[in-house]
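J.: what's the 3D shape of this:
(4 chains)
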Number of protein chains: 2
Amino acid sequence: MPTSEPKSRKNDPETTKQDILAVATEEFAAYGLAGARVDAIAERTKTSKRMIYYYFGGKEDLYLAVLERSYRSIRVLESNLGLGKLSPVDALRRLIESTFEYDEKNPDFIRLVAGENINRAEHIRRSTLLRDVNTSIITTLTEVVRRGREDGSFKRDIDPIDLHMMISALCIFRVANRYTFGALFRRDMLDPTLTDTHRAMTCEMIIGYMTSEGGDAPLCLTGAA
Amino acid sequence: MPTSEPKSRKNDPETTKQDILAVATEEFAAYGLAGARVDAIAERTKTSKRMIYYYFGGKEDLYLAVLERSYRSIRVLESNLGLGKLSPVDALRRLIESTFEYDEKNPDFIRLVAGENINRAEHIRRSTLLRDVNTSIITTLTEVVRRGREDGSFKRDIDPIDLHMMISALCIFRVANRYTFGALFRRDMLDPTLTDTHRAMTCEMIIGYMTSEGGDAPLCLTGAA
DNA sequence: GTCTATATCCCGATAGAC
DNA sequence: GTCTATCGGGATATAGAC
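T.: Numbers count the residues shown, from 1 in each chain, chains lettered A, B, ... in the order given. Reported below is the predicted structural model:
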């Protein structure tokens, strides 16, 4: 058996790296960058702590690799929704529902982003790769908004980044703030019996906004002080 | 001068404690519980590290005291809005706008909450005081929703906690995720030129939802696949 | 490429005088 | 109530053999 065929070996570098990344994602999501422990990551990995430094350099480099992998995952998923074949309203609804489901199923990603905001995004800022990966969602939304304006279904002239902000806000909040809400108001926002209600609220709020007319004081302000 | 009048002394306990709390709020908001340094807090205080342990017991107790002070601040503000004198729609708008302004002006509070969610709210959960303090916002919203349903201006039968969730989501997101958004999309969500746009979007989205009719497929689904 | 053992630093908490 | 000096635990990172 020639040594030039490493793929038959039990532990090839790529598998080891992916194993480390998967475990590190959970640890960083669970405790944040400052709270995460390299020892804890190594312990749950098939390999050793030395290998983490060997492959990734250090704790912060590993953390950045985790962020890059996580962002790529959601952006790839969004790009495969086939929104171009749908009407603008249906495309928007499909994007909102996909985001809603993805966020609910991937709390680790939400927690990573929350942690990186605590860090004032100083690690994301160092990565041009992350910026490139994330352009796709804005490109997608720009096209949906353009088509909706063109066929008249969207009445609002909105910046696509602001639309992304509103979708993200409503989908992320119930995951990101699940614990404080649960502790303060005794209501688990991820309780399965609430999913349909929350998804419908999210869709109707955003689509309702996009498809309705706006104005200076559009809503029942007559007679107010 | 009798010693029973301590208010004339330069350093009375209450002032010292408030000084510590103010500095600790900034430190915990800036770095989270795990990332915050007791030494850093002590350095920027008028007093010493020893006094932090003397008054508060330890790092985690100080952190909890900071959380209690911060939550009390926003809940007191909300309670003084005089919403009972306004129509349901105007009351809702006033509450949304107040929340929007408060969150924008108090990023430290938003960051504290985000950090506590990283901690899975395990500190908030230990405090019955925090739960009591936070009931007021739900009481307030319950009353607004009840009146709006009664006079017919609100068409949706919404759980007040869910309404609070939606208001919080839209107002908090642009502050909580300011840094990752800025780094990824090159748009500072707190840029002063965006404030009016975002506030109007937030109000119209929520009030528009509450005052419009809902249904299974209420929005332009005719002809869709 | 992989392991164990360890160097080095940093931080929370405390001792003990005044 | 306030200060300075320091202890002790634990974390990141590395050394060095195989």
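J.: Could you use CA atoms for every contact and neighbour count after this?
T.: Fine.
J.: Let me know how buried the residue in chain A that DNA strand D sits nearest to is, in neighbour terms.
T.: As assessed by Cα to the nearest atom of the strand, DNA strand D sits closest to A:R37 within chain A, at 3.4 Å. The tally of other residues near A:R37 (other Cα atoms under 10 Å in any protein chain shown) stands at 16.
J.: now A:F109
T.: Considering only other Cα under 10 Å, A:F109 is surrounded by 26 other residues.
J.: Quickly check: stretch A:14-33 near DNA strand D or not.
T.: No - judged by Cα under 7 Å from any atom of the strand, stretch A:14-33 makes no contact with DNA strand D; its nearest approach is 8.3 Å.
J.: and that stretch with chain B, contact?
T.: Yes - applying Cα under 8 Å from any Cα of the partner chain, one finds stretch A:14-33 touching chain B at A:29-32.
J.: contact partners of that stretch?
T.: With Cα atoms under 8 Å, 6 or more residues apart in numbering or on different chains as the test, stretch A:14-33 has contacts from A:35-37, A:40-42, A:44-47, A:52, A:55, A:60, A:62-63, A:65-66, A:108-109, A:111-112, A:115-116, B:118-119.
J.: make it 7 Å
T.: A:36, A:41, A:44-45, A:66, A:108, A:111-112, A:115, B:118-119 (Cα atoms under 7 Å, 6 or more residues apart in numbering or on different chains).
J.: ok, A:D61 to B:E60 distance?
T.: 29 Å (Cα to Cα, to the nearest Å).
J.: Ok, A:S48 next?
T.: Per Cα to Cα, A:S48 is found 32 Å from B:E60.
J.: before we move on, back to that, would you reformat the contacts of stretch A:14-33 as JSON lines and include neighbour count, secondary structure and pLDDT?
T.: Below are those laid out as JSON lines (neighbours: other Cα atoms under 10 Å in any protein chain shown; DSSP: H, G, I helix; E, B strand; the rest coil; pLDDT from 0 to 100):
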{"residue": "A:A36", "neighbour count": "19", "secondary structure": "coil", "pLDDT": "95"}
{"residue": "A:I41", "neighbour count": "22", "secondary structure": "helix", "pLDDT": "95"}
{"residue": "A:R44", "neighbour count": "14", "secondary structure": "helix", "pLDDT": "92"}
{"residue": "A:T45", "neighbour count": "19", "secondary structure": "coil", "pLDDT": "92"}
{"residue": "A:V66", "neighbour count": "23", "secondary structure": "helix", "pLDDT": "97"}
{"residue": "A:D108", "neighbour count": "20", "secondary structure": "helix", "pLDDT": "98"}
{"residue": "A:R111", "neighbour count": "26", "secondary structure": "helix", "pLDDT": "98"}
{"residue": "A:L112", "neighbour count": "27", "secondary structure": "helix", "pLDDT": "98"}
{"residue": "A:G115", "neighbour count": "28", "secondary structure": "helix", "pLDDT": "97"}
{"residue": "B:I118", "neighbour count": "27", "secondary structure": "helix", "pLDDT": "96"}
{"residue": "B:N119", "neighbour count": "20", "secondary structure": "coil", "pLDDT": "96"}
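J.: Which residues of chain A lie near DNA strand C?
T.: Counting by Cα under 7 Å from any atom of the strand, chain A sits next to DNA strand C at A:11-13, A:16, A:47-51, A:54.
J.: Just the buried ones from the residues you listed?
T.: Among these, those classed as buried by 16 or more other Cα atoms under 10 Å in any protein chain shown are A:16, A:47.
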